[in-house]
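Enquirer: below is the sequence, then the predicted model.
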Amino acid sequence: MTDRQATPWRPYVERDVHVLLRHGEITSCEHIPWGSNYTFCVGLSFEGLSGLGVYKPRRGERPLWDFPDGTLYRREYAAFLVSRAIGWPFVPPTVIRDGPHGVGTVQLFIESQPPGSIRELQRTDDLDLARVAAFDIIANNADRKAGHLLRDPGGRLWAIDHGLCFNVPPKVRTVLLHFCGEPVPAAVLGELREFREDSARVDGLTAALAPVIDPDETALLYRRIDAIVEAGCYPTLSGYRNVPWPPF
């Protein structure tokens with residue numbers, strides 16, 4: 001967005017993106033028909049900036065027995081906050097704001113393609129995938145489908161759809177099971193360790209999460225980070241219970 005055009009995947013000035021997402025006028029709102037909850041592609045415009053966002057209103061969330069009602073949009077935002085605090089910017093910029101169907105999240109739309117098959121995700125030497133796999137453990141992500149991992153035209157990996165994260169009971173379901181039991185790459189462990197040792201970053205994240213998820217969910221987030229750093233490897237998960245369905 002440095003050229004202030006509406007092509008979402010081009011390199012952008014992040015400050016401009018957040019201003020557009022938070023303050024932009026919603027000029028269009030089209031229903032995205034796939035998915036279990038109501039999701040919309042919205043056009044945004046603000047003082048010469050324009051672009052596309054993905055709008056997920058609280059009102060469109062389907063009740064789930066294992067997640068508190070009306071919290072999925074806040075969990076989407078929490079995932080963005082956690083990824084940025086650690087220094088893993090693969091969750092697209094996300095804000096909470098009002099829209100045509102009430103309060104919800106608006107996330108930068110990424111022009112991209114999902115993987116063509118699970119095999120494309122089975123490289124354990126891909127540091128970006130290794131970071132996502134670690135993120136899903138610490139965020140307790142119950143819905144890491146293959147279609148939630150996207151490559152933009154520049155080859156950058158993005159991870160989306162984090163409404164089913166941060167619950168207290170263990171919920172991890174992921175297509176990245178090939179990382180299970182493997183050592184966490186040294187670079188990824190170092191990034192997690194540096195975050196936990198930086199009290200300013202931890203305190204800042206804790207404060208940002210306070211109005212978004214429950215305190216016990218935040219506490220368990222930190223306990224899961226500490227556990228994976230101490231173990232130095234990804235936990236072993238079940239090939240039956242811990243796989244989302246459908247995998248895409």
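Expert: Thanks, I have the structure now. Numbering: from 1, shown residues only.
Enquirer: number of residues surrounding G35?
Expert: Other residues near G35 come to 14 when the count uses other CB atoms under 10 Å. Bear in mind the C-beta positions are built from the backbone N, C-alpha and C, glycine included.
Enquirer: secondary structure element for it?
Expert: G35 belongs to no helix or strand when assigned by DSSP states H and E.
Enquirer: any weak-confidence spans in this protein?
Expert: Along the chain, segments meeting pLDDT under 70 span 1-13.
Enquirer: so what touches the lengthiest helix in it?
Expert: The residue-count maximum for a helix in the chain (DSSP state H) belongs to helix 215-231. With contact meaning CB atoms under 8 Å, 6 or more residues apart in numbering, helix 215-231 is reached by 82, 134, 137-140, 166-168, 184, 189, 192-193, 195-196, 202, 206, 209-210, 234-235.
Enquirer: in helices, which of these fall?
Expert: Those of the contacts of helix 215-231 lying in helices (DSSP H): V82, A134, I137, I138, L189, L192, R193, F195, R196, V202, T206, L209.
Enquirer: the fifth one and G232 touch, don't they?
Expert: What it means is L189. Yes - L189 lies in contact with G232 (CB atoms under 8 Å); the separation is 6.4 Å.
Enquirer: and these two? Which one has more around it.
Expert: Ranked by neighbour count (other CB under 10 Å), L189 and G232 place L189 first, with 18 against 10.
Enquirer: do a quick rundown of the strands in the protein.
Expert: Using DSSP state E, the strands found in the chain span residues 25-32, 39-46, 49-57, 94-99, 102-108, 149-151, 157-159.
Enquirer: who does the fourth one pair up with?
Expert: Strand 94-99 has its sheet partners listed here by DSSP bridges as strand 102-108 (antiparallel).
Enquirer: who's in contact with the strand it pairs with?
Expert: So strand 102-108 is contacted by 8, 17, 21-22, 42, 44, 51-60, 73, 76-77, 80, 92-97, 99, 160 (CB under 8 Å, 6+ apart).
Enquirer: just the buried ones from those residues, in ChimeraX syntax?
Expert: Buried members of those, defined by 16 or more other CB atoms under 10 Å, are picked up in ChimeraX with:
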select :8,17,21,42,44,51,52,53,54,55,56,57,58,60,73,76,77,80,92,93,94,95,96,99,160
